[in-house]
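**Q** Structure of the sequence below:
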Amino acid sequence: MEKSDDIALPKMLRDLRLRKGLTVRDLAQRIGRSVGFISQIERGLSQPSVEDLQAISDALGVHSMYFLQQSAAKGHAWLSRPPMRRTLRYANGVTDHVVSPALSNKFIMLETRLEAGAAFEEHRLLESEEQAGYVLQGKIILSVDGEEMELQKGDAFQINSATSYRCVNASTQPARVLWIYG
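**A** Here you go, the predicted model:
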């Protein structure tokens with residue numbers, strides 16, 4: 001059974017592409033991917049990687065955070081509970097959960113789950129000066145400007161937005177990282 005979050009990205013992507021007056025072919029050309037690749041994402045048959053979603057967002061003139069917006073927030077504006085959170089599943093075993101109750105404040109929190117072997121580069125979802133992370137579970141290898149460091153549960157880091165980085169779960173267990181963008 002599909003959760004509503006699983007079908008939200010395909011619908012949001014298709015609706016945004018159509019509002020921008022682009023064909024599937026136009027979007028595919030803008031990001032250097034095939035028509036079939038875009039079509040499969042829009043039909044919910046596959047998920048984009050973090051990097052692909054960032055390229056799609058750039059091509060459509062929105063921040064990647066656009067795809068994490070909740071369509072209808074329930075409850076208190078200052079509270080976020082797990083059943084209310086928006087989830088975005090990427091290819092390659094990376095999943096983001098929006099932890100912040102609101103996406104319009106000065107900082108945003110995301111919980112990223114990386115399955116064994118999952119990796120991404122520059123998880124930039126918003127225009128922010130800095131981003132920080134706190135490892136909640138497992139081990140990750142964080143490469144910042146080419147310097148690699150193994151981080152484990154309880155370790156924290158802070159990265160300037162102009163810094164290039166890569167995050168890899170090289171272990172056989174899932175890892176979870178709380179990201180804070182500000």
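**Q** L142 in helix, strand or coil?
**A** Per DSSP: H, G, I helix; E, B strand; the rest coil, the secondary structure class of L142 is strand.
**Q** now the strands for this protein?
**A** In the chain, the segments counted as strands under DSSP state E are 87-89, 94-98, 108-114, 119-121, 130-137, 139-144, 147-152, 156-160, 165-168, 175-181.
**Q** can you pull up the bridge partners for E121?
**A** On the basis of DSSP bridges, E121 takes part in beta bridges with R166.
**Q** would you turn the strands of the chain into a markdown table with mean neighbour count and mean pLDDT?
**A** Every residue, glycine included, has its C-beta placed from N, CA and C. Shown next, in a markdown table, are the strands of the chain (neighbours: other Cβ atoms under 10 Å; pLDDT from 0 to 100):
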| stretch | mean neighbour count | mean pLDDT |
| --- | --- | --- |
| strand 87-89 | 19 | 86 |
| strand 94-98 | 21 | 90 |
| strand 108-114 | 22 | 93 |
| strand 119-121 | 18 | 91 |
| strand 130-137 | 18 | 94 |
| strand 139-144 | 18 | 96 |
| strand 147-152 | 12 | 97 |
| strand 156-160 | 15 | 94 |
| strand 165-168 | 20 | 94 |
| strand 175-181 | 20 | 94 |
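**Q** and the lengthiest helix in the chain, what's its mean pLDDT?
**A** Criterion DSSP state H: the longest helix present in the chain is helix 4-19. Helix 4-19 shows an average pLDDT of 79 in the prediction.
**Q** Report the buried residues of it.
**A** For helix 4-19, burial by neighbour count (16 or more other Cβ atoms under 10 Å) applies to A8, L9, P10, M12, L13, R14, L16, R17.
**Q** next one: that helix to chain centre, how far?
**A** Centroid separation for helix 4-19 versus its chain: 15 Å, with Cα atoms, centre = their mean, to the nearest Å.
**Q** Next: stretch 53-62.
**A** Relative to its parent chain, stretch 53-62 has a centroid offset of 12 Å by Cα atoms, centre = their mean.
**Q** Look up how far R81 lies from E130.
**A** Distance of E130 to R81, computed by Cβ to Cβ, to the nearest Å: 27 Å.
**Q** Please apply the same query to R25.
**A** Noted for R25: a distance of 41 Å to R81, by Cβ to Cβ.
**Q** end to end, how far does stretch 130-150 reach?
**A** Counting by Cα to Cα, to the nearest Å, you get 21 Å between the two ends of stretch 130-150.
**Q** likewise stretch 150-164?
**A** Start-to-end, stretch 150-164 (Cα to Cα) is 17 Å.
**Q** Need the contact partners of that stretch.
**A** 121-122, 124, 127-142, 144-145, 165 (Cβ atoms under 8 Å, 6 or more residues apart in numbering).
**Q** Can you give the distance from that stretch to the centre of its chain?
**A** The answer for stretch 150-164 is 16 Å, by Cα atoms, centre = their mean.
**Q** Cool, thanks, signing off.
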